[in-house]
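1. Sequence below, structure please.
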Amino acid sequence: MGISTLTLAISGVAGLLLIGLPALPAVAAPEEDSKTSYDAVEPMDSTNLKLVEGLDAQGECLFRSAVYPAGGIGYEDSSLPYDEYSEVDAAFLTVRAQALRAHPNEFMDLYADPSDPTQRTGVLVATQDWKIAPESTLEALSRNDSKLREALDILDKEGIEIRVENKTALSVNQVCQTQDSFFKLTNSAGKPLNLALLPDPPTGQLQVLVGKSDVEIVTRHAEQFGKLVRVETEGEGVEAAGRYNDSAPWNGGNRTEACSNAFRVNTTGTVTAAHCSQGVIDHADGAGGYMGTTTSSLKSAKVDAMVIKGSSYSRNVWMGGVLTSSALPAYGLYPANSIQLGNQVLVSGSKSGQATLSYVGMAGGCLTYDGTQYCQIQRFWAQPGKFIKGDSGGPVAAYDPANGRIIPLGIVAAIPLGVDVMTTAHSAYVTRLEAAAYLWGGSTFG
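-> The predicted model follows:
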């Protein structure tokens, strides 16, 4: 919810980077970089992945919307992976999760009201099916929900109001059903469309971003939903988005078979995007050494992430331009839901180097590209020549000068197809690392 914020600055090749993000407590750095070579490519813990793969339609919809199923492992509260959040932000997200679990056909989402300059008001978007009556309140819901009651008490103590707002809006279940209907669309050649499908709680709509050549197909399909679906064009849909002189232990932000890698995970692997090359991975498109072999893809859970294992990996991430020799340690896990509209984070892909991304306030979205569906997506805005094809799988992070580090936040996923991203500011789609951490059994980064 971003109750307490601070403005930070980092200088480098990308110039002055201003980041207004929630303050986090000081943390201890992990152990020094591993120098050990890992010969066996052991998969990550798959307990939570199997749990998600076995969810029914309702459970899958909630997980897609970042409401995690109970019974997982790796967190103090197995159903809500909010250990990295402040008490207030965790309480805010608990209210969201419990409300959506209890009434997925009546509520759309909970968001921090951007019109409140104090950032102390939350808006729970309710459909017209949610009746305005004494028994239709959060207070009434909390009578039989101890987690909700505890969370509301924490927010009330901090003077934070949660307001239920009835409007013409999609429920969270309707968002999922509507997304699924668009996933099934094909073009005249019978091929799946490349789309971005992003819930927009302030308007109650589902935003659909589509390429110009497919806009007629999508607009015609959207007519059945009336004003609940908003179609916009950007390029030709979405597509999967260097250091070139590194060696083991490998940094994040390296070149990996036409993609990038992001962060060290559990000290024995490094994260990249699941849509990138699979199998044996060599550095710099085969020009460098063996980086490892891919394992533990999360495609089955609609999350664009996998792990490279089999070599040794550094917690450092390259910072600066493509030919940089500068790096910063990356460890921890930044609470993605704490990011607010206009906040800035950094990306450091191998193709375009370090850059600033601005959050446009779209979370919990899904993409479809290369015939595959991916969810757990956040939408940012990138400047020309940054966040481009080849940066896929690269690191997205928040800067933490107090601890001399960057904090892992996400993985580069996709860019608009058909947009000249070298000369045009454009959408930048990022996979939430929280989802991957959960699916890999509460894994640690750095």
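2. now the strands for the stretch 151-300 of the chain?
-> Under the criterion DSSP state E, counting those that start in this stretch, strands of the stretch 151-300 of the chain are mapped to 161-166, 195-200, 205-210, 229-233, 238-240, 250-252, 255-256, 259-260, 264-265, 269-272, 280-282, 290-295.
3. for the third one, packing partners?
-> So that's strand 205-210. For strand 205-210, the packing partners by 3 or more C-beta pairs under 8 Å, 6 or more residues apart in numbering; DSSP states H and E come out as helix 172-183, strand 195-200, helix 215-222, strand 229-233. (Glycine included, C-beta is placed from N, CA and C.)
4. Show me which positions of the shortest one end up buried.
-> Residues of strand 229-233 classed as buried: Val229, Val231, Thr233 (neighbour count, 16 or more other C-beta atoms under 10 Å).
5. What of the first one?
-> By 16+ other C-beta under 10 Å, the buried positions in helix 172-183 come out as Val172, Asn173, Gln174, Val175, Cys176, Thr178, Gln179, Asp180, Phe182, Phe183.
6. and those residues as CSV, adding pLDDT and distance to Tyr290?
-> Listed next are the buried residues of helix 172-183 as CSV, based on pLDDT from 0 to 100; distance: C-beta to C-beta, whole Å:
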residue, pLDDT, distance to Tyr290
Val172, 96, 44
Asn173, 96, 46
Gln174, 96, 48
Val175, 96, 43
Cys176, 96, 41
Thr178, 97, 45
Gln179, 96, 39
Asp180, 96, 40
Phe182, 95, 41
Phe183, 93, 37
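7. what about the closest residue to Leu155 other than its chain neighbours, which SS state?
-> Using C-beta to C-beta, 6 or more residues apart in numbering and skipping the chain neighbours, the partner closest in space to Leu155 is Ala91 (5.3 Å). At Ala91 the chain is in helix, as set by DSSP: H, G, I helix; E, B strand; the rest coil.
8. on that earlier part again, between the helices and strands packed on strand 205-210, which one is nearest to Ser115?
-> Of all those, strand 195-200 sits nearest to Ser115, with 15.2 Å by C-beta to C-beta.
9. quick one, that closest one and helix 215-222 angle?
-> In terms of direction (axes from the mean of the first three to the mean of the last three C-alpha atoms, to 10 degrees), strand 195-200 departs from helix 215-222 by 40 degrees.
10. So in that sheet, which strands flank strand 195-200, and in what orientation?
-> Here strand 195-200 is paired, per DSSP bridges, with strand 205-210 (antiparallel), strand 353-369 (antiparallel).
11. Let's see that strand as CSV, backbone CA atoms only.
-> Taking Å, rounded to 0.1, in the frame of the first residue of the first chain, the C-alpha atoms of strand 195-200 are listed here in CSV:
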residue,chain,number,x,y,z
LEU,A,195,-2.4,-10.0,-26.2
ALA,A,196,-2.0,-8.3,-22.8
LEU,A,197,-5.0,-8.6,-20.5
LEU,A,198,-4.8,-6.4,-17.4
PRO,A,199,-7.5,-5.8,-14.7
ASP,A,200,-8.0,-2.1,-14.0
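12. pLDDT averaged over that strand - what is it?
-> Strand 195-200 shows a mean pLDDT of 94.
13. That one: how far from the chain's middle?
-> Between the centre of strand 195-200 and the centre of its host chain there is 13 Å, according to C-alpha atoms, centre = their mean, to the nearest Å.
14. what's it in contact with?
-> Outside strand 195-200, the residues that touch it by C-beta atoms under 8 Å, 6 or more residues apart in numbering are 65, 108-109, 170, 175, 178-179, 182-183, 185, 205-210, 214, 218, 230, 237-238, 362-368, 377, 379, 414, 427, 429.
15. give me the element Phe63 is part of.
-> Using DSSP states H and E, Phe63 sits in helix 57-64.
16. For Leu323, what are phi and psi?
-> phi -100, psi 30 (degrees, to the nearest 10).
17. in the stretch 101-250 of the chain, what spans have low per-residue confidence?
-> Scanning the stretch 101-250 of the chain with the threshold set as pLDDT under 70 gives 132-136, 239-244.
18. returning to that earlier point: relative to Val345, which of the strands of the stretch 151-300 of the chain is closest?
-> Taking C-beta to C-beta, strand 250-252 is the member of the strands of the stretch 151-300 of the chain nearest to Val345, at 14.7 Å.
19. Give me the helices and strands touching the closest one, please.
-> Secondary-structure packing of strand 250-252 (3+ C-beta pairs under 8 Å, 6+ apart): strand 269-272, strand 313-319.
20. just these: most buried one?
-> Most buried of the helices and strands packed on strand 250-252, by mean neighbour count (mean count of other C-beta atoms under 10 Å): strand 269-272, with a mean of 30.
21. ok so, going back, neighbours around the residue nearest to Leu155, how many?
-> Using other C-beta atoms under 10 Å as the criterion, Ala91 is surrounded by 26 other residues.
22. thinking it is in contact with Ala151, fair?
-> Yes. Between Ala91 and Ala151 there is a contact at 4.0 Å, judged by C-beta atoms under 8 Å.
23. Which among the strands of the stretch 151-300 of the chain is found nearest to Asp400?
-> Using C-beta to C-beta, the strands of the stretch 151-300 of the chain put strand 250-252 closest to Asp400, at 15.4 Å.
24. neighbouring strands for that closest one, and are they parallel or not?
-> strand 313-319 (parallel).
25. Now do the strand it pairs with: distance to the chain's middle.
-> Chain-centre distance of strand 313-319: 20 Å, with C-alpha atoms, centre = their mean.
26. OK, contacts around the nearest residue to Leu341 once chain neighbours are set aside?
-> Distance criterion C-beta to C-beta, 6+ apart; nearest residue to Leu341, sequence neighbours excluded, is Gly361 at 3.9 Å. Counting by C-beta under 8 Å, 6+ apart, Gly361 touches Pro114, Pro202, Gln340, Leu341.
27. Hmm, the last one is touching Asp113, no?
-> No. Distance between Leu341 and Asp113: 10.6 Å, which falls outside the contact criterion (C-beta under 8 Å).
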